[in-house]
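Colleague: no sequence for this one, just the structure:
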């Protein structure tokens, strides 16, 4: 049998050393990236991947401990009957949990962008601000939201350092702590806000020199808990970007009813602000089934079921709750019981509306 020569053995040894070195280096680099001591950002997202993952900013470990940081709850609303009954329910549940253990909810303001007082002024703490000039919203009422926040920040005395932006169809289901930490605001990630799928349109408002489209969080302005100083910078940009989006036919067609949400997400990125994405912020029935440890129920979707508890989304069910069925006034207190088998989140909506 032939014996291996010394040069051959040296070549094999070098090859094994090189392969081992590369493998160890790759593992170390990968571990360092995922285990950054302060911030873990999934930033290698392929923009056109069919299985893309939303970029996630995790809470910096050095700021993750809970401290006493109260936040002001700001609810934007109109004076329409439809939003008034929702605002009353939202405020009721805010009061229910505000002073319970674990809550860091501070004071509450309904930011009423109708330009005139209404009959809830003595029931809910309210600041009246002006709507956009007539015709400016072109029937898209929520375009008034960023302008309302801009005015409120300028005219109100807000003692809390943090602000939570909320909507009338939010129901608190447990005490809410401050989920933000320092310069890392907290937001709920919406499955239908997908900046990377609309790069061409977004680049009109977020140029390449500002960074990758993946820097834009998959969020809207609500629910968000953010430093007041950050919101004071973002809000005017949010207003201007939202109006520009509405003025752009391609953007208006692409984003539709969530256009103002994209406006906030883009404005935040323009200011270099990324949010900690908190899926435990809220649930959205009927798609989210369990409330679990979530803090808010967002009842924006209609809930339609058979009497066997089977979802019939897109078709009016034998049992249903849809806020749009009550445009002229509040739902009756004697809403029929949900059928057996409906998820916990839907039962939560039913319970909230009856209280």
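Modeller: Everything's here; your move. Every value quoted in this text rests on a predicted model; they were computed, and no experiment measured them. Numbers count the residues shown, from 1 in each chain.

Colleague: report pLDDT for residue 334.
Modeller: pLDDT for residue 334: 86.

Colleague: could you report the distance from it to residue 353?
Modeller: Computed as Cβ to Cβ, to the nearest Å, the residue 334 to residue 353 distance reads 11 Å. Where C-beta positions appear, they are placed from N, C-alpha and C, glycine not excepted.

Colleague: where does the protein have low pLDDT?
Modeller: Low-confidence segments of the chain, defined by pLDDT under 70: 1-67.

Colleague: residue contacts, the residue nearest to residue 337 when sequence neighbours are not counted?
Modeller: Beyond its immediate neighbours in the sequence, the residue positioned closest to residue 337 (Cβ to Cβ, 6 or more residues apart in numbering) is residue 350, lying 7.5 Å away. Residue 350 makes contacts with 321, 335, 337, 338, as judged by Cβ atoms under 8 Å, 6 or more residues apart in numbering.

Colleague: make a markdown table out of these and add secondary structure and distance to residue 179.
Modeller: Below are the contacts of residue 350 laid out as a markdown table (DSSP: H, G, I helix; E, B strand; the rest coil; distance: Cβ to Cβ, whole Å):
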| residue | secondary structure | distance to residue 179 |
| --- | --- | --- |
| 321 | strand | 28 |
| 335 | coil | 31 |
| 337 | coil | 33 |
| 338 | coil | 30 |
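
Colleague: spatially central, which residue of the protein would that be?
Modeller: Per Cα atoms, centre = their mean, the C-alpha nearest to the average position across the chain is that of residue 188, at 3.1 Å.

Colleague: not counting sequence-adjacent ones, nearest residue to it?
Modeller: With Cβ to Cβ, 6+ apart as the measure, residue 281 is the residue that lies nearest to residue 188, at 4.0 Å, once sequence neighbours are left out.

Colleague: now the helices for the stretch 151-300 of the chain?
Modeller: With helices called from DSSP state H, counting those that start in this stretch, the stretch 151-300 of the chain shows them at 199-202, 228-247, 249-255, 259-270.

Colleague: in the second one, what's buried?
Modeller: Right, the one you point to is helix 228-247. Taking 16 or more other Cβ atoms under 10 Å as the neighbour-count basis, helix 228-247 is seen to contain the buried residues 230-243, 245-246.

Colleague: then stretch 319-328?
Modeller: Counting neighbours by 16+ other Cβ under 10 Å, one finds that the buried residues in stretch 319-328 are 319, 321, 323, 326.

Colleague: now the first one: how far from residue 341?
Modeller: Just to be clear, that refers to residue 319. 11 Å.

Colleague: now do the shared contacts for the two.
Modeller: Between them, residue 319 and residue 341 share the neighbouring residues residue 305, with contact defined by Cβ under 8 Å, 6+ apart.

Colleague: ok so, going back, which parts of the strand or helix carrying the residue nearest to residue 337 are buried?
Modeller: Using DSSP states H and E, the element containing residue 350 is helix 344-354. The neighbour-count criterion (16+ other Cβ under 10 Å) identifies 345, 346, 348, 349, 350, 352, 353 as the buried residues of helix 344-354.

Colleague: any idea which helix or strand carries residue 320?
Modeller: Residue 320 belongs to strand 319-321, assigned by DSSP H and E.

Colleague: tell me the strands beside that strand, with direction?
Modeller: The pairing partners recorded for strand 319-321 under DSSP bridges are strand 303-305 (antiparallel).

Colleague: list the buried residues of the strand it pairs with.
Modeller: 303, 304, 305.

Colleague: these into CSV, with extra columns for distance to residue 99?
Modeller: Output for these, formatted as CSV (distance: Cβ to Cβ, whole Å):
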residue, distance to residue 99
303, 31
304, 37
305, 35
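
Colleague: and the residues you listed, which is closest to residue 289?
Modeller: residue 303 (11.5 Å; Cβ to Cβ).

Colleague: my guess is that closest one meets residue 324, correct?
Modeller: No: applying Cβ atoms under 8 Å, one finds residue 303 not in contact with residue 324, separated by 11.6 Å.

Colleague: what about residue 258, distance to residue 168?
Modeller: Computed as Cβ to Cβ, the residue 258 to residue 168 distance reads 17 Å.

Colleague: the more surrounded of the two?
Modeller: Per other Cβ atoms under 10 Å, whichever of residue 258 and residue 168 has more neighbours is residue 168, with 22 against 15.

Colleague: which residues touch the more buried one?
Modeller: Residues 75, 77, 83, 86, 87, 90 are the ones in contact with residue 168 under the rule Cβ under 8 Å, 6+ apart.

Colleague: roughly how far does it sit from residue 266?
Modeller: Note on residue 168: its distance to residue 266, by Cβ to Cβ, is 24 Å.

Colleague: with that, I have no additional questions.
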